[in-house]
Every structure is written in C-alpha cells, then in structure tokens.
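Participant: I would like to see how this sequence folds:
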Amino acid sequence: MKHFFKRNFKRTVFGIVGATILIGGLSACGHRDRDYGSTMSPEKYSQMRDKMVDRAASKLDLNEDQKKRLATLGDTLYAQRTAFIGQTPDPRAEFKALVAGDKFDRTRAQNLVTEKTTVLQTKSPEVIAALADFYDSLNPAQQQKVRDYMEHRGGWFHRG
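Facilitator: Next up is the predicted model:
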C-alpha cells in the first residue's frame, strides 16, 4: 500500500489540481453578465453609454458638444428600444404565447406586429434627428472616419 501512494501521489494531486482549474475556468468563462436591452437598468445603461461615447470620442477626436450629441443619440436609441420591447418583463413570453395552444394565435400575432410597427413609426423621427444632429456636427475628417468604420464593418472595436 505504501508503494501505491508513493508512486501515484503526484499523479493524483496533479490530476485533482488540473481538474479543479479546468472546471473553475469553464465556469468562469460560462458566466457573463447578460444584462442587455430591456432588462438593463437605466444606471447600467448610462455607464455602458458613457463608456461607448468615450471610446468613440477617442477614435474620432470628438469635442464636448459632439460627445453630448452622441450621448443623446444613444439615449434616443435606448428609449426606442425600450418602447419597442414594451412593458413586459419577458418579451419572449409574448412570442411563446402565440404557439402555446394547439393553434397559432393569429390575432395576437397581428396585434404584436401592429404595436411594434407603431412604435417604430413614432420613435424613428427622433432617432433620425438625433443621428443627423450628431453626424452633421462632425467635421469632414471625422465623417470620413465614420464612413471608413462602416466600410470595414466595425473594425474599431475588434481586438487583435
């Protein structure tokens, strides 16, 4: 018995430590803060917006007025998204309810589409105005940077 422990002790310890690190690493990578959109608190959104404005400001060399306009655009987009999702705590539940019975609820589906379309039609002018105000406040060099960013599909924010 003494020979068994002496021979396999290191293997056993390394195996346990390795398994612990593997399980711990997988659980750490598997847990992310998935607080998006309608579930995001206004305070959390404000923090995220400020971080994104600062990041864009560093790429575009924005002045204070331009930062303010970009923050306004972000707030307007957030308001539109919040209105689009509605007051329900679980937006997916609305869609699940459509197929909950033995027949697809066509009337409820049409009401959802009408409601969402109405929100888009009423909130879109505000979003367009905020986007136009921000873009028009940029100088030609900054506008070119925005066009280049759009051409490269978000190359600014990719790590690598």
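
Participant: Spell out, range by range, the helices that occur in the chain.
Facilitator: 2-30, 42-60, 64-85, 91-98, 106-137, 140-151 (DSSP state H).

Participant: just the ones you listed: most buried one?
Facilitator: Sort the helices of the chain by mean neighbour count, taking mean count of other Cβ atoms under 10 Å, and helix 64-85 sits at the top with a mean of 17. Using the backbone N, CA and C atoms, a C-beta is placed for each residue, glycine as well.

Participant: now the helices of the chain in JSON lines, with mean pLDDT?
Facilitator: JSON lines is the format used below for the helices of the chain (pLDDT from 0 to 100):
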{"stretch": "helix 2-30", "mean pLDDT": "67"}
{"stretch": "helix 42-60", "mean pLDDT": "87"}
{"stretch": "helix 64-85", "mean pLDDT": "88"}
{"stretch": "helix 91-98", "mean pLDDT": "80"}
{"stretch": "helix 106-137", "mean pLDDT": "89"}
{"stretch": "helix 140-151", "mean pLDDT": "87"}
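
Participant: Look up the closest residue to residue 126, ignoring the ones flanking it.
Facilitator: Closest residue in space to residue 126, ignoring its immediate chain neighbours: residue 76 at 5.3 Å, by Cβ to Cβ, 6 or more residues apart in numbering.

Participant: isn't the one you found right up against residue 124?
Facilitator: No: between residue 76 and residue 124 there is no contact under Cβ atoms under 8 Å: 10.1 Å.

Participant: Okay then, goodbye and thanks.
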